[in-house]
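Enquirer: Build me a model from this:
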Amino acid sequence: MDIKIQVTNPTRRSVTVTIPAATVAASEKEVLKGFTREAALPGFRPGKAPEAIVRQKYSKNIADEISQRLLAQGYDRIKEEKSFTVYTLADVQKDESVQGADVVIRYEVDVLPEFKTPDWQSIKIAKEVVTVTDAEVAEHLQKLLQQRARFEKTEAAAAKGDYVRLSYTGTVDGQAVKEVDAEAGPLGSSESAWEEAGSESEVVAVPAIAKAIIGLKAGDTAKAEQAYGADATREALRGKTVQYALTVAEVRCKEIPAVDEAFCKSVGVKDEADLRDQLRKGITGTKEQAAETARREKALDALITGLDLPLPQSAVDSVANGLFNEYLQLRIRNGTLKPEQFEAQREEIITESRKAAETKVRAQVVLVRIAEENGIDLTREEFTQAILREAYRTNVQPEKLAKDRNQLQVLRRDAVLNKALDLVLDGKAPEAVEKA
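Expert: Residues are numbered from 1 along each chain as shown. You can find the predicted model right below:
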């Protein structure tokens, strides 16, 4: 295979790979043989159909498979190059194939920049000792009981936390809200709505109504007044005060279950002591995981502190795009970003995402160098486990995931980086492994 390398910048190489016609022909023959072996065509036993018919039937699939093989062969050749270390594949273009001719493929690859490896062996991050108090166990037990609470119909007055079914209508400046804003929805009226008495949750449509229904019984009526600010979701209500007339139809009282034999059986424990023990173990596991995550983040910070180096831009762009979506969803969940505020905050989120992406890629680049210098790789079992974890996380069949070469490369790289970080934290030389 002929290879030509052009330096674009400190972290980018343009590489042209020419695959000889003989190699191309061998790949075509192997792919065709595989399709012939698996083909099930009418009138022929499995694996016995003539190659010409198989080629005609599966021409596009065969061509795609040959193309993928050649692209992979060219990329494997690039990764063998000693003058640089490939970080990621940024782009690839293959010339139109001509029967019996060489195949020319052009790759854009991001590479590791030149820099001095930090003294990672001097980094010492102690493990946090995790403790769980009886008060924490009691708090989690109460949360569990709240989750298992039942709401029973009652004639008593609604208390905070009870659920109330009611109807209501709103008026503003003497007019019905629905006349002022036909699309006001629950801010204008409802013929039958369930509200949690006294709820201060952000999902409550009209907070004044949730507050007003405390102390009301089925059949009671009441009034509530809600002032809307300048940032109200409905423009017609901004700066207005709406008067609501309420009628309660039904009250359901929250009943917290007792921790008795029936309850323990329903959650799969022997008794209350066993339940508390299981809760303690769960809390301990969660705190240990959080402590280990924080420890790894501290190690990464220590690795890159004061380290200034050029970064592979395609990697920064890819990570920044993913972080943008994460930060966007986080702001929406936290209530700090409403749909109408998106454009105003867009640039701020982009800047935040890119800054975080540069930090993350800088750490990844350093870990790749540490892995390379210390011969860190994955065993077959480790690689298989990485695939299974990703399949579980993304709800994708492992067999389908295993066919995605690009995804497998990312999984392998990330798993190797985690092993490199383990080395930094443990400070021990890695054991030799059989490469997966």
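Enquirer: wait, what's in contact with V177?
Expert: 169-171, 184, 187-189, 237, 242 (Cβ atoms under 8 Å, 6 or more residues apart in numbering). Placement of C-beta: from N, CA and C, glycine included.
Enquirer: Equivalent analysis for G170, please.
Expert: The contact partners of G170, taken as Cβ under 8 Å, 6+ apart, are 176-177, 184, 187-189, 206, 226, 242-245.
Enquirer: among those residues, which ones are buried?
Expert: 177, 184, 187-189, 206, 226, 242-244 (16 or more other Cβ atoms under 10 Å).
Enquirer: quick one: which two of those are the most distant?
Expert: Greatest spatial distance among the buried ones among the contacts of G170 (Cβ to Cβ): A184 and Q243, at 13.9 Å.
Enquirer: hang on, the earlier thing: could you dump the contacts of G170 to a markdown table with pLDDT, distance to T336 and secondary structure?
Expert: Shown next, in a markdown table, are these (pLDDT from 0 to 100; distance: Cβ to Cβ, whole Å; DSSP: H, G, I helix; E, B strand; the rest coil):
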| residue | pLDDT | distance to T336 | secondary structure |
| --- | --- | --- | --- |
| A176 | 96 | 33 | strand |
| V177 | 96 | 27 | helix |
| A184 | 93 | 24 | coil |
| L187 | 95 | 21 | helix |
| G188 | 95 | 26 | coil |
| S189 | 96 | 29 | strand |
| V206 | 95 | 21 | coil |
| Q226 | 96 | 22 | strand |
| V242 | 97 | 25 | strand |
| Q243 | 97 | 30 | strand |
| Y244 | 97 | 28 | strand |
| A245 | 97 | 33 | strand |
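Enquirer: from those residues, which is closest to V129?
Expert: Set against V129, the nearest of the contacts of G170 by Cβ to Cβ is V206 (47.9 Å).
Enquirer: possible to save the contacts of G170 as CSV with distance to I256?
Expert: Output for those, formatted as CSV (distance: Cβ to Cβ, whole Å):
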residue, distance to I256
A176, 40
V177, 37
A184, 36
L187, 33
G188, 35
S189, 33
V206, 27
Q226, 31
V242, 35
Q243, 36
Y244, 31
A245, 33
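Enquirer: so who does the residue of the chain positioned farthest from its centre touch?
Expert: Ranked by distance from the centre of the chain (Cα atoms, centre = their mean), the top residue is G174, with 49.1 Å. Not one residue lies near G174 by Cβ under 8 Å, 6+ apart.
Enquirer: any idea how far it is from Q93?
Expert: Per Cβ to Cβ, to the nearest Å, G174 is found 69 Å from Q93.
Enquirer: go on, Q243?
Expert: Q243 is 67 Å from Q93, where distance means Cβ to Cβ.
Enquirer: got it, and G335?
Expert: 46 Å.
Enquirer: Do you have the helices of the stretch 251-400 of the chain handy? List them.
Expert: Along the stretch 251-400 of the chain, counting by DSSP state H, counting those that start in this stretch, helices occupy 261-266, 272-304, 313-334, 342-373, 380-394, 398-401.
Enquirer: closest one to A230 among these?
Expert: Closest of the helices of the stretch 251-400 of the chain to A230 is helix 342-373, at 14.5 Å (criterion: Cβ to Cβ).
Enquirer: Who are the packing partners of the helix or strand of the chain with the lowest mean pLDDT?
Expert: The helix or strand of the chain with the lowest confidence, counting by mean pLDDT, DSSP states H and E, is helix 51-57 at a mean of 86. Taking 3 or more Cβ pairs under 8 Å, 6 or more residues apart in numbering; DSSP states H and E as the contact definition, the neighbouring helices and strands of helix 51-57 are helix 21-38.
Enquirer: isn't F263 right up against A149?
Expert: No: using Cβ atoms under 8 Å, F263 is not in contact with A149, being 11.5 Å away.
Enquirer: any shared contact partners between these two?
Expert: With Cβ under 8 Å, 6+ apart as the test, F263 and A149 both reach P257.
Enquirer: which ones are touching the closest residue to A302 other than its chain neighbours?
Expert: Excluding its sequence neighbours, the residue lying closest to A302 (Cβ to Cβ, 6 or more residues apart in numbering) is I123, at 4.7 Å. Shown in contact with I123 (Cβ under 8 Å, 6+ apart): 299, 302-303, 424-425, 427.
Enquirer: mind redoing it with 7 Å?
Expert: 299, 302-303, 424 (Cβ atoms under 7 Å, 6 or more residues apart in numbering).
Enquirer: Then V104?
Expert: 16, 18, 95 are the contacts of V104 under Cβ under 7 Å, 6+ apart.
Enquirer: With pLDDT, secondary structure and neighbour count added, can I get those residues in TSV?
Expert: Below are the contacts of V104 laid out as TSV (pLDDT from 0 to 100; DSSP: H, G, I helix; E, B strand; the rest coil; neighbours: other Cβ atoms under 10 Å):
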residue	pLDDT	secondary structure	neighbour count
T16	95	strand	16
T18	95	strand	16
D95	84	coil	13
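Enquirer: what's the closest of these to I370?
Expert: For the contacts of V104, the nearest to I370 is T16 (30.9 Å; Cβ to Cβ).
Enquirer: Across the sheet, point out what pairs with the closest one.
Expert: Taking DSSP bridges as the rule, T16 bridges to K4, R106.
Enquirer: show me what contacts it?
Expert: Here T16 is in contact with 4, 104, 106 (Cβ under 7 Å, 6+ apart).
Enquirer: Confirm the second one sits in a strand?
Expert: Just to be clear, that refers to V104. Yes: counting by DSSP: H, G, I helix; E, B strand; the rest coil, V104 falls inside a strand.
Enquirer: separation between it and V24?
Expert: Distance from V104 to V24, by Cβ to Cβ: 11 Å.
Enquirer: go on, the first one?
Expert: For K4, the distance to V24 (Cβ to Cβ) stands at 18 Å.
Enquirer: When the two are compared, which one has more neighbours?
Expert: Each of K4 and V24 has its neighbours counted (other Cβ atoms under 10 Å); V24 has more, 21 against 11.
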